[in-house]
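K.L.:
I need the structure of the sequence given here:
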Amino acid sequence: MDGALAAQMGEAVAEKVLRYRRDRSGWKICQEGNGVSVSWRPSVEFPGNLYRGEGIVNGPPEKVWDCIKPLAGSLREQWDENVSHFEVIQSITDTLCVTRTATPSAAMKLISPRDFVDVALVKKYEDGTISSNATNVEHPSCPPKPGYVRGFNHPCGCFCEPVPGSAPPAKLNPRPAPSSLCRMVTWMLSSCCRGRYIR
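P.N.:
Now for the predicted structure:
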């Protein structure tokens, strides 16, 4: 994939997901529990809904990010039962790549194993927030594979951000205190659940 096109797509999805992050209007909570809330609102771009999950995690953003970052062999493959395989198809820069994520069958195998090919961009912001932003892309090195239904991702992403006022690091200690907090915000833009969580 052309690097300039991938960068343009990554920046566009990052801007879109950031706009959703900042726009607090119209969201309705559909589920709450264990410190996590899931909200939805109708999409104005396609027939379907936008979904947002939000919760607080006890830990510095960098440590939490290690558990969710979109990298092959990362900790996410170990804990996320919705990811059976993750690979980088094309690494463009250290923050931009094309990925393939495979998911297992679900609902007593009524839903076949699926795979998704996305352009993914990681961004870091001045306040310490780290975001992962992704959207569907076709890539010549990754045609549909036998045994998987090729899925389509609408723009989606995840924000890992420090909670203001939570245990700032000591002046001489470059690492945040163990009791610092970060907020996790995930987005799934869905048309009848065709989108995918990126946590």
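
K.L.:
from now on I want contacts and neighbour counts done on CA atoms only, so please keep to that.
P.N.:
Fine.

K.L.:
quick one, helices of this protein?
P.N.:
3-22, 61-68, 76-79 (DSSP state H).

K.L.:
quick one: V137 and V117 touch, right?
P.N.:
Yes: the criterion here is CA atoms under 8 Å, and V137 meets it with V117 at 5.9 Å.

K.L.:
what ranges do the strands span in this protein?
P.N.:
For the chain, strands defined by DSSP state E occupy the ranges 28-33, 36-42, 49-58, 85-91, 96-103, 114-124, 130-136, 149-150, 156-162, 181-190.

K.L.:
in TSV, list those strands along with mean pLDDT.
P.N.:
Below are those laid out as TSV (pLDDT from 0 to 100):
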stretch	mean pLDDT
strand 28-33	89
strand 36-42	88
strand 49-58	85
strand 85-91	93
strand 96-103	94
strand 114-124	95
strand 130-136	92
strand 149-150	95
strand 156-162	87
strand 181-190	46
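
K.L.:
which one of the ones you listed has the most crowded surroundings?
P.N.:
strand 156-162 (a mean of 27; mean count of other CA atoms under 10 Å).

K.L.:
okay, the angle between it and strand 130-136?
P.N.:
For strand 156-162 against strand 130-136, the angle by axes from the mean of the first three to the mean of the last three CA atoms, to 10 degrees is 180 degrees.

K.L.:
and the helices of the chain: which comes nearest E45?
P.N.:
For E45, the closest of the helices of the chain is helix 3-22, at 11.4 Å, according to CA to CA.

K.L.:
which other helices and strands contact the closest one?
P.N.:
strand 96-103, strand 114-124, strand 130-136, strand 156-162 (3 or more CA pairs under 8 Å, 6 or more residues apart in numbering; DSSP states H and E).
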